[in-house]
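Asker: below is the sequence, then the predicted model.
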Amino acid sequence: MRRWRRQDYGCWRVELVADMPRVDCPKCGVVVARVPWAEPGSRFTRDFESECAWPVSVANQKTVGGFPHIVWRTAGDIARRVAERLGTAMPSPLDGLAAIGVATMC
């Protein structure tokens, strides 16, 4: 039996729970079947990961982690997985930066 976290429904946490059949793959041997709603090895649905990944591109991981009630490290892992799935790299917050000005007040 496997569980995947999905977007919350109002104040309720939602998880998908399913019995996972084992299948005999001609290339890999006996493996657990893939599911259409999640990436292999992920504990989250694709929809949940996509919802978490976009805010990481405009806010820090700690802030984003508080929104769907996940830890900041998980927010970063999700963002990396989504970027790999989309075939893009995680943008650096310093991309395109030409100069930094620092003003001091005495």
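Answerer: The structure has been received and is ready for your questions.

Asker: only C-alpha atoms for contact and neighbour calcs from this point on.
Answerer: Noted.

Asker: hmm, residue 61 and residue 72 touching each other?
Answerer: Yes - with contact defined as Cα atoms under 8 Å, residue 72 reaches residue 61; the gap is 5.0 Å.

Asker: more crowded one of those two?
Answerer: Remark: of residue 72 and residue 61, residue 61 carries more neighbours, 22 against 17, as counted by other Cα atoms under 10 Å.

Asker: separation between that one and residue 52?
Answerer: For residue 61, the distance to residue 52 equals 10 Å [Cα to Cα, to the nearest Å].

Asker: repeat for residue 76
Answerer: According to Cα to Cα, residue 76 stands 9 Å off from residue 52.

Asker: ok, now residue 69?
Answerer: 10 Å.

Asker: which of the two has more neighbours?
Answerer: Comparing residue 69 with residue 52 by other Cα under 10 Å, the one with more neighbours is residue 52, at 24 against 11.

Asker: which secondary structure element contains the more buried one?
Answerer: Using DSSP states H and E, the element containing residue 52 is helix 46-56.

Asker: for the nearest residue to residue 19 once chain neighbours are set aside, report the pLDDT, please.
Answerer: Spatial nearest neighbour of residue 19, chain neighbours left out: residue 1 (4.3 Å); criterion: Cα to Cα, 6 or more residues apart in numbering. At residue 1, the predicted lDDT confidence score is 88.
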